[in-house]
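Asker: Would you be able to build a 3D model of this:
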Amino acid sequence: MKIHFIAIGGSVMHNLAIALKLKGYQVSGSDDEIYEPSHTRLRTHGLLPAQEGWFPEKITADLEAVVLGMHARADNPELARARELGLRVYSYPEYIYEQSRNKERVVVAGSHGKTTITAMIMHVLAYHQQPFDYMIGALVPGFDTTVRLSESAPVIVIEGDEYLASPTDPTPKFLHYRHHIGLVSGIAWDHVNVFPVFDDYVRQFERFASQTPKAGCLIYCEEDDLATIVATSNQMREDILVQSYKTHKNKVLDNGTTQLITDDGRVEVPFFGRHNMQNLNGARLVCHRLGISDERFYQAIATFKGASRRLETVGKNAQTIIFRDFAHAPSKLKATTQAVKEQFANRQLVACAELHTYSSLNKNFIGQYKGALDQADRAIVYYNPKAVALKRLEPIDPEEIVKAFGRPGLKVFTDSAALKAHLTEQNWANKNLLLMSSGTFDNLDLAQLAGQLLG
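Answerer: Residues are numbered from 1 along each chain as shown. Presented below is the predicted three-dimensional model:
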């Protein structure tokens, strides 16, 4: 099989390319910009394009398929050439479906929590040496790539994103996977650049839920109002199983550790937060559908270390812990801030969020952040005005950020050097720092920062 990737440097795209090469396919690709870690990983596997740019001559009649990444434009010259030759062009979710037609497909959807739930399921299956394929949006300890495809695995576990499939396909990605077991963790408005109307965003999850096939299973978090409405509208169907979950019973000890309360006793886990106790219960129900008993689930989950950049510890000493988290949407900021504050109630919490996405920098959306940082003792927001300009959005004034968050004493920074200076000037005794962003705080070296703050 000869496959070509247009925009091979994308996060999932380069992992899919690597997975197919490991499967024995002949893989080529192009991109006009490739950043780390994609650059190094593609080079390691012999897939790094010799030159950046688009080269229609790479598109030849003997290609079995062309996979189009979201980074490419609709007028991409390689895409035009593929169409001239009549080649089959797939978005990456379409191609993952093609690779998993004969497998049982588990798809984890939701505005928040889907990466962690998918990672938990993967960890439990791997712990018990169950064969499975997967696609997830972050690296998980114990897994070298974020995509694995094989001929033999009977199951594939997929993180289902509601964003558009490709520049030429406005279908939400998770609809292409055609789940047998579907999970909806929660619904909170996001991606306003493609879903500018709230009801239209929710409608995509309604489509996902109604897509559950005969004899399929739909799982949802009953503590999320919108997920409950979407899922229970399908309860009248007698041909599917609809199951709900809620926050797992747990106890936080004085030393900051969390124990699950189960029918067979307590199980200590190395993660925390109400949202993660919800995520865990969702993963448990999925694993049960895949033949993993509760006893075996708890045995495995006790060793789960989390997905990359999900409440990850950057550094710590006896008085301070510095966390980073991928949180960027309002519901994610609120849940993560609350989790850290509740886990370490005897310490002050400084929560620092970067506004980086199209939605978070959009004046029509920013009001959704009201109250998102209220659980922190001190709150900081960082954004770069250049990012606003690059996204061709209306400029935002720091005072508008303060008003949107509705948080007294909120500090707003627009320069990462000034933010770093402010953080290094503080006394960190008996305080925790939570850094939340889907970006990088403009390439701020968090490990170096942690070293300075912790002494």
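
Asker: Give me the residue ranges of the stretch 151-300 of the chain where confidence is low.
Answerer: For the stretch 151-300 of the chain, no stretch has pLDDT under 70.

Asker: Where do the strands of it begin and end?
Answerer: Counting by DSSP state E, counting those that start in this stretch, one finds strands in the stretch 151-300 of the chain at the ranges 155-159, 164-166, 169-172, 181-184, 217-221, 241-245, 250-252, 258-262, 265-269.

Asker: Convert the third one to CSV, retaining C-alpha atoms only.
Answerer: It refers to strand 169-172. Extracted in CSV, the C-alpha atoms of strand 169-172 (Å, rounded to 0.1, in the frame of the first residue of the first chain):
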residue,chain,number,x,y,z
ASP,A,169,-15.0,18.1,5.0
PRO,A,170,-17.0,19.9,7.7
THR,A,171,-18.1,16.7,9.4
PRO,A,172,-17.1,16.5,13.0
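
Asker: so what does it touch, helix or strand wise?
Answerer: strand 164-166, helix 198-210 (3 or more Cβ pairs under 8 Å, 6 or more residues apart in numbering; DSSP states H and E). C-beta: built from backbone N, CA, C; applies to glycine.

Asker: In contact with Ile18, which residues are there?
Answerer: Residues near Ile18 by Cβ atoms under 8 Å, 6 or more residues apart in numbering: Arg41, Leu42, His45, Leu47, Thr145, Val147.

Asker: which SSE is it in?
Answerer: helix 11-22 (DSSP states H and E).

Asker: Need the CA coordinates for that helix. CSV is fine.
Answerer: Written as CSV, here are the backbone C-alpha positions of helix 11-22 (Å, rounded to 0.1, in the frame of the first residue of the first chain):
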residue,chain,number,x,y,z
SER,A,11,-0.1,16.0,15.7
VAL,A,12,-2.3,13.1,14.7
MET,A,13,-1.2,13.0,11.0
HIS,A,14,2.5,12.3,11.8
ASN,A,15,1.6,9.6,14.3
LEU,A,16,-0.8,8.0,11.8
ALA,A,17,2.0,8.1,9.2
ILE,A,18,4.3,6.3,11.6
ALA,A,19,1.7,3.8,12.5
LEU,A,20,1.1,2.9,8.8
LYS,A,21,4.9,2.6,8.2
LEU,A,22,5.2,0.2,11.1
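
Asker: Give me the most central residue, the protein.
Answerer: Nearest to the mean C-alpha position of the chain, by Cα atoms, centre = their mean, lies Thr115 at 4.5 Å.

Asker: so where is the stretch 301-450 of the chain shaky, pLDDT-wise?
Answerer: For the stretch 301-450 of the chain (pLDDT under 70), the answer is none.

Asker: What segments of it are strands?
Answerer: Using DSSP E, counting those that start in this stretch, strands in the stretch 301-450 of the chain cover 312-316, 321-325, 348-354, 378-382, 411-413, 431-436.

Asker: and His356, what does it touch?
Answerer: Counting by Cβ under 8 Å, 6+ apart, His356 touches His328, Tyr383, Ala387, Ser437, Ser438, Gly439.

Asker: again, only this time at 10 Å
Answerer: His356 is in contact with His328, Tyr382, Tyr383, Asn384, Ala387, Lys391, Ser437, Ser438, Gly439, Thr440, Phe441, Asp442, counting by Cβ atoms under 10 Å, 6 or more residues apart in numbering.

Asker: Between which two of the residues you listed is the distance greatest?
Answerer: Within the contacts of His356, Lys391 and Phe441 form the most distant pair, 17.1 Å apart (Cβ to Cβ).

Asker: Show me which of these two is the more surrounded one.
Answerer: Using other Cβ atoms under 10 Å, the more surrounded residue of Lys391 and Phe441 is Phe441, with 23 against 13.

Asker: pretty sure that one contacts Phe413?
Answerer: Yes. Shown here, Phe441 and Phe413 form a contact pair, counting by Cβ atoms under 10 Å, at 9.5 Å.

Asker: Can you name the next helix or strand after the helix or strand hosting the residue nearest to the centre of the chain?
Answerer: Assigned by DSSP H and E, Thr115 belongs to helix 114-127. Remark: after helix 114-127, the chain's next helix or strand is strand 133-135, criterion DSSP H and E.

Asker: who's in contact with that next one?
Answerer: 12, 15-16, 19, 92-93, 96, 99-100, 103, 105-107, 118-119, 121-122, 125-126, 140, 143, 145-161, 173, 177.

Asker: The helix ranked longest in the chain to strand 217-221, inter-axis angle?
Answerer: If you go by DSSP state H, the chain has its longest helix at helix 274-289. Put simply, helix 274-289 runs at 160 degrees to strand 217-221, going by axes from the mean of the first three to the mean of the last three Cα atoms, to 10 degrees.

Asker: just how off-centre is helix 274-289 within its chain?
Answerer: The chain centroid and the centroid of helix 274-289 are separated by 16 Å under Cα atoms, centre = their mean, to the nearest Å.

Asker: do stretch 220-229 as well
Answerer: Offset of stretch 220-229 from its chain centre (Cα atoms, centre = their mean): 19 Å.

Asker: Please spell out which residues along it are buried.
Answerer: Tyr220, Cys221, Glu223, Asp224, Leu226, Ala227, Thr228 (16 or more other Cβ atoms under 10 Å).

Asker: Closest to Ala404 out of those?
Answerer: Among those, and counting by Cβ to Cβ, the member closest to Ala404 is Leu226, at 21.8 Å.

Asker: wait, what's in contact with Leu333?
Answerer: Contact analysis of Leu333 by Cβ under 10 Å, 6+ apart lists 112, 325, 327, 351, 353, 355, 360, 369, 371-373, 375-376, 379, 381, 405, 434, 436-437.

Asker: then the helix holding Thr115 to PDB, C-alphas only?
Answerer: C-alpha atoms of helix 114-127 as PDB (Å, rounded to 0.1, in the frame of the first residue of the first chain):
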ATOM      1  CA  LYS A 114     -11.900  12.600  26.600                       C
ATOM      2  CA  THR A 115      -8.100  12.400  26.500                       C
ATOM      3  CA  THR A 116      -7.900  11.200  30.100                       C
ATOM      4  CA  ILE A 117     -10.700   8.700  29.800                       C
ATOM      5  CA  THR A 118      -9.200   7.300  26.600                       C
ATOM      6  CA  ALA A 119      -5.800   7.100  28.300                       C
ATOM      7  CA  MET A 120      -7.300   5.300  31.300                       C
ATOM      8  CA  ILE A 121      -9.000   2.700  29.000                       C
ATOM      9  CA  MET A 122      -5.700   2.200  27.100                       C
ATOM     10  CA  HIS A 123      -3.700   1.800  30.300                       C
ATOM     11  CA  VAL A 124      -6.100  -0.800  31.800                       C
ATOM     12  CA  LEU A 125      -6.200  -2.900  28.600                       C
ATOM     13  CA  ALA A 126      -2.500  -2.800  28.300                       C
ATOM     14  CA  TYR A 127      -2.000  -3.700  32.000                       C
END
